[in-house]
Each structure stands twice: as structure tokens, then as C-alpha cells.
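S.K.: how would this look folded up:
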Amino acid sequence: MHLFIPGPVEVREEVRKELSGEMIGHRSDEFSDLYDEIIPKLKELMQTENKVFISTSSSTGLLESSVVNCVRDRCLNLVNGAFGERWHKITKLNGKNCDKLEKEWSKPIEPKDVEERVKEKSYDTVTLVHNESSTALMNPVEEISKVLPDDVLLLVDTVSSMGGIDIPVDDWGIDVCLFGTQKCLGLPPGLSFLCASEKAITRSQEVTNKGYYFNFDNFIKYDSKSQTPTTPNIPLLYGLNQQLDYILEDEGLEERWNRHEKLGEIARNWAKEYFDIFPTEEYASNTLTAIKNTEDIDVGNLIKELKKDGYLISNGYGKLSEKSFRIGHMAERKPKELKELLVKIEETLNL
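M.R.: Residues are numbered from 1 along each chain as shown. Next comes the predicted model:
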């Protein structure tokens, strides 16, 4: 099956072979050597000098970890899609005082709105989804970061963008950045990653009732031993190490970003020819495209028919189920492959 969904993604054969490596103990010297190989590569990918932690969870676990550790008094959740809404729900369910700044799902979060809202109340933390995969919209992280006071932490979900889009974590002033394996990294699901600034780590030390599993204290303790707090997916770490070498050395970060940009352009140009794109174009994602169903096609039937031919795309997320459909073009997807899918859609819909 050719996966053109917003994750999981297809995995290179070389990585699949690497997943069959010898099992080792997660408290062994061999594991620590592997850990010490991986962490600098993750830092290079994220363009950060901050602490980087490996979590034996999905990225959703790190959404929880970030607010549990970093929200001291009150949090502002920025919401313009399903995953921003999920982060707000997670914040509330963890007993944190929080408010929501909400925008229409097709519109970006505006820095001026954030600046005004933060001035109104004493927030110590702001959460933001960089690449809202429910709407294929990229929020202006750097611009939002610039309007926040120095004592307000910025937590950013880069789940569907890190590894496909240029995200200089330190230059943008991101205090916590998180993502997982199964999207732009081009790996199976099973691990997630978080980098935390010194401000975020200091804040965590001031916060109580942080639980155990996602407590920054545990990440820091075991990182000092070149280990993870709990038993990780060791085969996936082998694959991660190999894939990071491929991304950083074989393809190169700039080439990878440029390829995803080209994929985004191809998908958007096609969408505008036959339908329209869902988000404000200036903020449209380069890792997936949400297409507005202006022709009132049967999205479910389109997915069904494409699947017969070995192609899988996604419907709109949640309330957008029939109002849009989404094409993922991340990880190792090439322009030629995307163009073949688009021709197949044209044939299926008789466009």
C-alpha cells in the first residue's frame, strides 16, 4: 500500500533491516553507547543545544509531560485545529489552570492576538501546534515567540513537521519542542522526543505533582547515565540511528527541507486547479495538504476507490470529515510518486 496519509509513513528497506538488530539490555554499556550516538544527531536535527530526551511513548505522552512539568500557575493554549484542542484538553485533565485562545480552523494564530491575551492575564506558559495536521496549516512559531515575555515558556508540538521543515529550535526561542518517529522522520511509531531549555528545566523544578512516567526529573536522572527512564523500543532506536545518518549525511537537511517544499507546491497547485486548499495559503504546510471539498465529492468513496489501486489518503479530521480530504507527502516521498497519486485521483474522479 502506498501511504499518503499524515502518518504513519512508509519506511525505507534499509531501516526495516536495521530493526532486526540484536537485542541488548537497556541498562547495558552497549545501550549507553547507542544512546550517546543518537542524542547529538537529534540535537542537529532540531538545531538545539538544549537537553534532548527520548520517551518510550507516543508524542501525545509528551504533550502531557510538557504541561505537567512546565505549567506553574496558568497556561494559555493556542487552538486552531484538532491537536491544539487536544493539548488544551490534556492541560485541563491534568488539573492545570488554563485558558484557550481559539481561531477558525483555517486561520493561523496571530502574534498580536497572543501578545494582547498574555498582557490581560498572568500566564506562565503557552502551548502551540506548529503544523496542525488536522488542517495542514503551519502556525508562525517564530513570530509568536517574539511577542512573549522572557518569563513565559513556549511549548511547541512539531509532530508533523520536524524532519521535513526547517525548525531552528534555539533561534526561535522554543522552550519545549516535541515530536515522534512515525511522520517526517520516516520511522515506525513507538518513540517520541523532547528538548527542554534551561528555563523549562528550572520551571520544572518549581512545579510539584508531576507524576512519575513523564517527570523531567527522571529524564534528567537517566540522561546523565545515557539511558532512558523506562524500557524503550530498542529495535526502533537502531532504526532511528540509521535514519538520522541518512537524513543528516546522505540526503542532508537542506535538501530534505527543499524536497518537502517542492512536494507542498505540487500538491497545492493541483488542489487549486481542481478544488481549493483548506488553510490560508500563506500558512499552508509542506508536509501534508488539506484540500477543501469545493466539488462536494464523496470523500469516503474516493478513499475506498483509491485503496483498491493501492493508494491510501485521509479524509478530513473530525468535523472536517467530508468537508476536506488530506494528502500526506512527508518522510521519503518523492515528487514523482506524488504526481502519480494525483493522476490516479483525477482518473478516479473523472476530472
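S.K.: Look up how far residue 238 lies from residue 183.
M.R.: 19 Å (Cβ to Cβ, to the nearest Å). C-beta here means a position set from N, CA and C on the backbone, and glycine is covered the same way.
S.K.: Comparing these two, which shows the higher neighbour count?
M.R.: residue 183 (29 against 21; other Cβ atoms under 10 Å).
S.K.: domains of this structure?
M.R.: Following automatic domain parsing, one gets these domains for the chain: 14-249, 252-349.
S.K.: How far does the last one sit from its chain's centre?
M.R.: With Cα atoms, centre = their mean, to the nearest Å as the basis, the distance from the averaged C-alpha position of domain 252-349 to the chain average is 18 Å.
S.K.: Any idea how many residues pack against residue 40?
M.R.: Neighbour tally, residue 40, other Cβ under 10 Å: 12.
S.K.: How is it assigned, secondary-structure-wise?
M.R.: Here residue 40 is recorded as helix under DSSP: H, G, I helix; E, B strand; the rest coil.
S.K.: what's the closest of the domains of the chain to residue 1?
M.R.: Minimum separation from residue 1 across the domains of the chain (Cβ to Cβ) falls at domain 252-349, 5.5 Å.
S.K.: neighbouring contacts of the longest helix belonging to the chain?
M.R.: If you go by DSSP state H, the chain has its longest helix at helix 253-274. Here helix 253-274 makes contact (Cβ atoms under 8 Å, 6 or more residues apart in numbering) with 44-45, 163-166, 184, 247, 251, 277, 281, 284-287, 289, 291-292, 295, 327, 329-330, 333-335, 338-339, 342, 346, 349, 351.
S.K.: In strands only, show me the residues you listed.
M.R.: 277, 289, 291, 292, 327 (DSSP state E).
S.K.: In the residues you listed, find the pair that's most separated.
M.R.: Maximum distance among the ones in strands among the contacts of helix 253-274 (Cβ to Cβ): 12.6 Å, for 292 and 327.
S.K.: Between the two, which is the more surrounded one?
M.R.: Remark: of residue 292 and residue 327, residue 327 carries more neighbours, 25 against 18, as counted by other Cβ under 10 Å.
S.K.: For that one, list each beta-bridge partner.
M.R.: Note on residue 327: beta-bridge partners by DSSP bridges are residue 289.
S.K.: looking at it, it is touching residue 312, isn't it?
M.R.: No - between residue 327 and residue 312 there is no contact under Cβ atoms under 8 Å: 10.2 Å.
S.K.: Give the intersection of the neighbour lists for these two.
M.R.: Going by Cβ under 8 Å, 6+ apart, residues that sit against residue 327 and also against residue 312 are residue 4.
S.K.: Many thanks, we can stop here.
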